[in-house]
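A.B. asks: My questions are about this predicted structure, shown below with the sequence.
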Amino acid sequence: MFESEVSRMACMAIAVALVACQVDGKGSEGGPDAGATTGGESTGSGEDSSSMDVRADCADGTSWSAGTVAFVDASEAWGLVDIMPVGIRLSVGDIDADGWPDLVVRSGTGGDNFSGGGTRNTWLLRNQQDGTFADVTEASGFTTARAGGTGRSAPVVIWGDVDNDGDLDAYAGIPDASNEIVETSELLLNDGRGVFVLATAESALRVARGEMPYGAAFLDYDRDGNLDLWVAEYVLDGSPAQDRLFRGDGSGGFEDVTEAVGLQTLQWSSVRSINQGRSHTQAWAAAACDFNGDGWTDLLASSYGRAPNHLWRNDAGVFENQSVASGYAFDQRVDWSDNESARCWCSLHPEDGDCSGVPEPAYITCNVDSDAFRWNHTYDREPFRLGGNSGASICRDIDNDGHIDILTTEIVHWDVGESSDPSELLFNTGSGDITFDRPGNETTGLTREHSGVTWDDGDITGSVFDFDNDGWADVYIGSTDYTGTRGLLYHQVTPRQFEAVVPAEGIDQPRSHGSAIADFDRDGDLDIVVGHSSARCGADCRDTFEVRLFENQMGVGSNWVQLDLQPGEGANGSAIGARVSVSTGELTQVQEVGGGHGQWGNQDDRVLHFGLGTSCFADVTVTWPDAAGTVETFRVGSGYRWRLAAGSDAEPLLP
């Protein structure tokens, strides 16, 4: 349970430095209150904290370096080994509002049989606050079917307070291209205790049988105080599908406003429109972020199959297609002459367009009977076919310049060559129109070694988080489904420069599919839960495929703050879309409260975590997601979770 507000009299500026402040008259020994500083320390911004009534548990600060073990596999201790056989779809949400992050794990599209030994596809896991999870799926009603029983699956799950009653509700999307599944996508309303009931049957979210949602994100696109839903659709009837935006009414009802707000795209009938990013995506993931800082949330849909990704700029509730102009649709690498299949084609058809000067294939043997094994010379030279197979897009200010950047994850095969977009960082230029630079992995250090001629990068999911609390975001890429793939952790050493963290010191997970971030044990550093795909498994897979939790070991000696935002009237109850700037004087970090991202609806904890490096205090600016874009400032100290309620002072909570 949350602790009450710190007594201001107990934290007067005359308090002696290094004397612990009291919370409700209670001291602490060896805990977060030990060594708390209320006066005499220099604040991170250069201001003397003796003039401030701020509590802090100051430390020297930490930064990871090679040879330091940052994570340990704590899966068995948390009970994950005993709970489930497999899981790759992960979302964090505090379902019972007790301040401890819970977890929902999914593995497929089938329902659940809760009898002994029955097939399971969904696990709702409650954090027991003691380093273990409890399976509460059946008791919670989370998989209750509208037709009765527990047969409803939930491959796509994201969390948000849809009815603004103070607890997290869930969107549970069901891909159903065959139109054979009786149950549909649904909204589940929380009673505040983590028990769920199906929302109105008339909702537009559930009338579309035969839909293919592969990603979803909550947002408030029109800033009316009610959460809306962005759904990225994959393929229907063999063709890319229309992504959709649903406007929420604040009570659990939704209407489809896709066309009304300018988001309609075209069928795949014109190469020109596809190259311009005006045709449907073949979406694998969704995201919603404010890239130009104007207070209006923009939309992303990343597309599989070397089809253009979509970026929609939100202009006060109406959307403008900036997919190609922004540089997000595909990268600038368009030389296809090192594609082994293209070389084979040109070897067999030397008179065809652009084939002059194309080298012979280096590694494959082609003949007239087999022709090229993966090349369409009519279409594969077009810009839209020289992009990537995009998985997740994760929004975060990577380089602390105040602009939200993007990490994209991509599947790349050895034979395609340099034209295929790799997983990489797209840095926001700060343009109001929204544009990105792609410096490339050789520049940023997000490189990897490939053994042998043939290889595959199966990057589908990923996370961005400051694992060592040094104030700089780090990168995790989940690579999966192919021989030799694994999770890859990179530490940001200097702005935009990364170094690899070896698995023994970071995250040792082969075939890593799915990831979610939270401080699960509330010890002041961010932990990570990762999945394990069983697709194409060989000797490099784990013996068992359960989700694994890697506990962070960097919290001791570090400075950090966690911010639990409680919005006021006129803003959605989850504070999704709130923009938070944390400044220590040495650096300024920007994060937004997210409403889901990635393939199948990955989601991190809505409580924002900021590493402070060597600083003990920070100034926080919150721009609330209400119609006025209300801005408030707070002063916080390290070592605490702070409740930031609109119109109130910052309230320190025990970690």
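C.D. replies: Happy to help now that I have it.
A.B. asks: Return the distance of the residue of the chain most remote from its centre relative to G357.
C.D. replies: Distance from the C-alpha centroid of the chain peaks at E351, with 47.2 Å (C-alpha atoms, centre = their mean). According to C-beta to C-beta, to the nearest Å, E351 stands 13 Å off from G357. C-betas here are computed from N, CA, C, even on glycine.
A.B. asks: pLDDT weak spots in the protein?
C.D. replies: Scanning the chain for pLDDT under 70 picks out 1-53, 84-85, 177-181, 207-210, 370-371.
A.B. asks: now the helices for it?
C.D. replies: Under the criterion DSSP state H, helices of the chain are mapped to 80-83, 137-140, 271-275, 340-348, 441-444.
A.B. asks: what about the fourth one, distance to the chain center?
C.D. replies: Looking back up the chat, that one is helix 340-348. Remark: helix 340-348 is offset 39 Å from the chain centroid, using C-alpha atoms, centre = their mean, to the nearest Å.
A.B. asks: Also the second one?
C.D. replies: Relative to the chain's own centre, helix 137-140 is displaced by 26 Å; criterion: C-alpha atoms, centre = their mean.
A.B. asks: I would like the residues contacting that helix, please.
C.D. replies: With C-beta atoms under 8 Å, 6 or more residues apart in numbering as the test, helix 137-140 has contacts from I95, D112, F114, R120, T122, W123, L124, T143, T150, G194, V195, F196.
A.B. asks: Could you double-check that the second one sits in contact with T144?
C.D. replies: No: D112 is not in contact with T144 according to C-beta atoms under 8 Å; the separation is 10.2 Å.
A.B. asks: Need the overlap of contacts for these two.
C.D. replies: Contacts common to D112 and T144, judged by C-beta under 8 Å, 6+ apart, are T150.
A.B. asks: Which one's more surrounded, these two?
C.D. replies: Remark: of D112 and T144, D112 carries more neighbours, 22 against 18, as counted by other C-beta atoms under 10 Å.
A.B. asks: How about the contacts made by A645?
C.D. replies: A645 neighbours (C-beta under 8 Å, 6+ apart): Q566, G568, E651.
A.B. asks: ok, the second one to D626 distance?
C.D. replies: Here G568 is placed at a distance of 7 Å from D626 (C-beta to C-beta).
A.B. asks: who has more neighbours, the two?
C.D. replies: Using other C-beta under 10 Å as the criterion, G568 and D626 rank with D626 on top: 21 against 15.
A.B. asks: I figured the more buried one was touching A575, is that so?
C.D. replies: No: between D626 and A575 there is no contact under C-beta under 8 Å: 10.0 Å.
A.B. asks: so what's V69 closest to, chain neighbours aside?
C.D. replies: Nearest non-adjacent residue to V69, counting by C-beta to C-beta, 6 or more residues apart in numbering: E505, 5.1 Å away.
A.B. asks: export the contacts of A645 to a markdown table and tack on distance to D256?
C.D. replies: A markdown table is the format used below for the contacts of A645 (distance: C-beta to C-beta, whole Å):
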| residue | distance to D256 |
| --- | --- |
| Q566 | 31 |
| G568 | 30 |
| E651 | 40 |
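A.B. asks: S463: which of these is nearest?
C.D. replies: Nearest to S463, judged by C-beta to C-beta, of the contacts of A645 is Q566 at 25.1 Å.
A.B. asks: Near the closest one, how many other residues are there?
C.D. replies: Q566, neighbours per other C-beta under 10 Å, totals 16.
A.B. asks: So for it, what's the nearest residue that isn't a sequence neighbour?
C.D. replies: Leaving aside its chain neighbours, Q566 sits nearest to A645 (4.0 Å; criterion: C-beta to C-beta, 6+ apart).
A.B. asks: what's the distance between that neighbour and T630?
C.D. replies: Distance, A645 to T630, by C-beta to C-beta: 13 Å.
A.B. asks: Run through the bridge partners of L266.
C.D. replies: On the basis of DSSP bridges, L266 is bridged to S279.
A.B. asks: which residues touch it?
C.D. replies: L266 sits next to S273, R278, S279, H280 when contact means C-beta under 8 Å, 6+ apart.
A.B. asks: So which residues of the stretch 301-450 of the chain form strands?
C.D. replies: 310-315, 318-321, 389-396, 405-413, 424-428, 436-437 (DSSP state E, counting those that start in this stretch).
A.B. asks: Distance to D82 and mean neighbour count for the ones you listed - can I get that in a markdown table?
C.D. replies: A markdown table is the format used below for those (distance: least, C-beta to C-beta, whole Å; neighbours: other C-beta atoms under 10 Å):
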| stretch | distance to D82 | mean neighbour count |
| --- | --- | --- |
| strand 310-315 | 42 | 24 |
| strand 318-321 | 46 | 17 |
| strand 389-396 | 29 | 27 |
| strand 405-413 | 30 | 24 |
| strand 424-428 | 38 | 23 |
| strand 436-437 | 44 | 16 |
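A.B. asks: So which of those is nearest V86?
C.D. replies: Proximity to V86 (C-beta to C-beta) singles out strand 389-396 among these, at 19.1 Å.
A.B. asks: Can you name every helix or strand that the closest one contacts?
C.D. replies: strand 283-289, strand 298-303, strand 405-413, strand 456-465 (3 or more C-beta pairs under 8 Å, 6 or more residues apart in numbering; DSSP states H and E).
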